[in-house]
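# build me a structure from this.
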Amino acid sequence: MSDTQNPPGGAEGGGRSARKRRAILDAAREVFLRGGYLGTNMDEIAALSGVSKQTVYKHFGSKESLFVEIVTGMTSGAGDTVHERLPEPAEDDDLAEYLRDYAYRQLTVVLTPDLMRLRRLVIGEVARFPELARVLHENGPARAMRAMAGLFERLAGNGRLDVADPATAASHFNWLVMAEPVNRAMLLGDEAVPPPEELRRHAEEGVRVFLAAYGRGSGRPAE
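Take a look at the predicted model:
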């Protein structure tokens with residue numbers, strides 16, 4: 001009777017396995033970000049996650065594979081928050097306000113302390129694991145550029161922006177908004193991240209400059 005209700009490998013077993021995997025990932029994220037790749041060992045991850053070291057290896061195979069999973073998961077999750085959870089502007093929405101919200105959301109997500117630690121960690125390991133830098137770039141800056149280019153192309157098609165080259169417009173928007181705060185935080189640490197009100201002013205100014213160049217009627221020459 002009990003075997004019929006809870007067969008081996010069934011939903012209950014799958015749920016336990018998923019919970020163990022989640023516990024391992026949460027523990028690994030904490031340990032990697034605190035100690036770096038070389039300073040992390042699988043015994044510490046196993047102890048923090050409450051499973052055996054054999055279970056960690058069963059789920060992820062190697063320390064390197066687990067590290068790749070952490071990088072992929074954190075960067076993909078951040079990208080989802082910025083680019084997938086913000087609805088497209090309606091025709092009667094204030095475009096400047098929409099873009100200010102977009103820019104501020106991008107800043108606050110990227111400048112999250114754990115994401116900044118991850119960036120520094122990946123940069124420090126780029127010679128050892130160049131594929132990790134590619135994962136971070138693909139799920140982070142490259143994904144942002146594609147999402148923004150697509151958005152600006154649609155807004156241009158609706159007559160709300162004057163954009164001849166969406167990829168170039170996306171690059172301009174990204175660096176107007178991201179360059180100074182991100183560079184400051186990368187080099188000077190989490191304590192150098194500007195407070196929310198300063199980030200919002202920075203986003204507003206970046207959007208103002210962007211719309212001066214690409215707003216409808218901005219007078220940009222056709223390319």
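# quick one: list the elements packing against the longest helix belonging to the chain.
What stands out as the longest helix in the chain, according to DSSP state H, is helix 11-35. Packing partners of helix 11-35 (3 or more CB pairs under 8 Å, 6 or more residues apart in numbering; DSSP states H and E): helix 42-49, helix 53-60, helix 63-79, helix 113-124. In this view, the C-beta of every residue, glycine as well, is placed from N, C-alpha and C.
# nearest to Asp162, out of those helices?
helix 63-79 (27.3 Å; CB to CB).
# what packs against that closest one?
The contact analysis (3+ CB pairs under 8 Å, 6+ apart) places helix 63-79 against helix 11-35, helix 42-49, helix 53-60, helix 113-124, helix 130-137, helix 143-157.
# so it versus helix 42-49, what angle?
Here helix 63-79 runs at an angle of 50 degrees relative to helix 42-49 (axes from the mean of the first three to the mean of the last three CA atoms, to 10 degrees).
# neighbouring contacts of the helix or strand following helix 63-79?
Moving toward the C-terminus from helix 63-79, the next helix or strand (DSSP states H and E) is helix 95-110. Contact with helix 95-110 is made by 78, 81-82, 86, 89, 115-116, 140, 144, 155, 160-161, 173, 177-178, 181-182, 196, 199-200, 202-204, 206-208, 210-211, 215, as judged by CB atoms under 8 Å, 6 or more residues apart in numbering.
# need the helices and strands packed on helix 63-79 in JSON lines with mean neighbour count and mean pLDDT, can you?
Shown next, in JSON lines, are these (neighbours: other CB atoms under 10 Å; pLDDT from 0 to 100):
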{"stretch": "helix 11-35", "mean neighbour count": "16", "mean pLDDT": "86"}
{"stretch": "helix 42-49", "mean neighbour count": "18", "mean pLDDT": "94"}
{"stretch": "helix 53-60", "mean neighbour count": "17", "mean pLDDT": "93"}
{"stretch": "helix 113-124", "mean neighbour count": "17", "mean pLDDT": "90"}
{"stretch": "helix 130-137", "mean neighbour count": "16", "mean pLDDT": "85"}
{"stretch": "helix 143-157", "mean neighbour count": "18", "mean pLDDT": "93"}
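# any chance of these in JSON lines, with distance to Asp93 too?
Output for these, formatted as JSON lines (distance: least, CB to CB, whole Å):
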{"stretch": "helix 11-35", "distance to Asp93": "36"}
{"stretch": "helix 42-49", "distance to Asp93": "45"}
{"stretch": "helix 53-60", "distance to Asp93": "44"}
{"stretch": "helix 113-124", "distance to Asp93": "28"}
{"stretch": "helix 130-137", "distance to Asp93": "31"}
{"stretch": "helix 143-157", "distance to Asp93": "11"}
